[in-house]
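>>> Build me a model:
(one chain, ligands or ions: 2)
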Amino acid sequence: MKFMMAELCGKVTGYCKGKGGSMHIADRDKGILGANGIVGAGHDIALGAGLSAQYRGTDQVCVCFFGDASTNQGTFHEALNMASIFKLPIVFVCENNHYGISMSSDRHMAIKDVADRGAAYGIPGIAVDGNDVLAINEAAVEAVARARKGQGPTLLECKTYRWRGHFEGDPGSYKPKEEQEAWLKKDPIPRFAAFLKENNILTEDDLAALDAQVKTELAEAILFADESPIPAPESVVQDIYSDIVEEVRVR
Ligand SMILES: Cc1ncc(C[n+]2csc(CCOP(=O)(O)OP(=O)(O)O)c2C)c(N)n1
Ligand SMILES: [Mg+2]
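Numbering: from 1, shown residues only. Ligands and ions are numbered 1, 2, ... in the order given. You can find the predicted model right below:
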């Protein structure tokens, strides 16, 4: 949490030394190849990661997260086709929040379910309630097992909703009020909390303690980011692929 917060604030202690920012957080030690500011670019990066895992004969599975609108990009279709014919160990997870910036999914695609797009490539397309933790877990476990058995990729569509605007400062006035209200009632956090209580897994006190723990963790992360230094100006030419910039600078 604290390295992530530091990265968001452009601090040297961040995951990418403060040079990736909110769009490009990566942690290769954890197998996180990074987010990408180019909508649709992640599908092809995942394809490469899946091919690499298969080529090296590991039991790794690449999990690729993306939005509903990104599935209209050519990269999505190319990646699904190639992943399918090579039977690559990839789980394509679409977080369908029903909007691409201000455009609703009803307007940006002619079908209801992104999951249907799997059929065009011979890939199982599974649509699940994206606000139900256990439903997602069940579908994900199955998709990962399938990938590990060498049976190829799965397209998992998790149907959910974007509560706020596309960015802070976007009032989201294009979202119908009734639609917004209906989705707010499906908040996955209280839903899962209720499940845990009903099944005597956690008590009300346990949940309150968990809540307090998360708040503390967040406060510590913010403090860590606040107190961390900004990167040195010369670091702008470090950690890049080419040394040309360094030569230019030295000259
Ligand atoms: C190639 C490209 N085109 C356009 C944009 C501008 N853009 C940023 S986010 C976004 C919408 C993405 O919607 P979706 O894929 O549904 O993801 P969400 O933000 O809803 O999670 C667009 C068009 C971009 N970043 N990259
Ligand atoms: Mg979206």
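
>>> Shouldn't Leu155 be within a helix?
No. With DSSP: H, G, I helix; E, B strand; the rest coil as the criterion, Leu155 is located in strand rather than a helix.

>>> Nearest residue to the one residue in the chain that gets nearest to ligand 2 in space, please, no chain neighbours.
Closest approach of the chain to ligand 2 (Cβ to the ion) occurs at Gly67, with a separation of 3.6 Å. Placement of C-beta: from N, CA and C, glycine included. Using Cβ to Cβ, 6 or more residues apart in numbering and skipping residues adjacent in sequence, the residue nearest Gly67 is Glu95, 6.0 Å away.

>>> could you say what helices and strands the helix or strand hosting that neighbour packs with?
Element membership for Glu95, per DSSP states H and E: strand 90-96. Strand 90-96 is packed against helix 41-56, strand 62-67, helix 74-85, helix 133-148, strand 154-159, with contacts defined by 3 or more Cβ pairs under 8 Å, 6 or more residues apart in numbering; DSSP states H and E.

>>> Run the chain-centre distance for it.
The gap between the average C-alpha position of strand 90-96 and the chain average comes to 9 Å, counting by Cα atoms, centre = their mean, to the nearest Å.

>>> now stretch 47-58
On the basis of Cα atoms, centre = their mean, stretch 47-58 is displaced by 20 Å from the centre of the chain it belongs to.

>>> Closest residue of the stretch 101-250 of the chain to ligand 1?
With Cβ to the nearest ligand atom as the measure, Ile101 is the residue of the stretch 101-250 of the chain nearest to ligand 1, at 4.7 Å.

>>> Let me see the backbone angles for that residue.
phi 50, psi -110 (degrees, to the nearest 10).

>>> Need the nearest residue in space to it, chain neighbours excluded.
Take Ile101 and drop its neighbours on the chain: the residue closest to it by Cβ to Cβ, 6+ apart is His166, 4.6 Å away.

>>> is it true that the residue of the chain closest to ligand 2 touches Val39?
Yes. With contact defined as Cβ atoms under 8 Å, Gly67 reaches Val39; the gap is 7.2 Å.

>>> who's more crowded, the two?
Set side by side, Gly67 and Val39 show unequal neighbour counts under other Cβ atoms under 10 Å, the larger going to Gly67 at 20 against 17.

>>> sorry, back to before: quick check: neighbours shared by Gly67 and Val39?
In the contact map built from Cβ atoms under 8 Å, 6 or more residues apart in numbering, the residues linked to both Gly67 and Val39 are Gly100.

>>> Residues of the protein that sit close to ligand 1?
Within the chain, the positions lying close to ligand 1 (Cβ under 6 Å from any ligand atom) are 37-40, 67-70, 95, 97, 99-101, 162.

>>> What's the ChimeraX line that selects buried ones from those?
Only the buried members of these enter the following ChimeraX selection, criterion being 16 or more other Cβ atoms under 10 Å:
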select :39,40,67,68,69,70,95,97,99,100,162
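
>>> partners of the residue positioned nearest the centre of the chain in the sheet?
Nearest to the geometric centre of the chain sits Phe65, at 4.2 Å (Cα atoms, centre = their mean). Partner residues in beta bridges with Phe65, using DSSP bridges, are Val93.

>>> and the closest residue to ligand 1 within the chain, what pLDDT?
In the chain, the residue that lies nearest ligand 1 is Gly67 (2.1 Å; Cβ to the nearest ligand atom). At Gly67, the pLDDT value in this model is 98.

>>> Identify the residues contacting Met4.
Neighbouring residues of Met4 by Cβ under 8 Å, 6+ apart: Gly14, Tyr15, Ile25, Ala221.

>>> just curious, which of the residues you listed is nearest to Arg148?
Closest approach between the contacts of Met4 and Arg148, by Cβ to Cβ: Ile25, at 26.8 Å.
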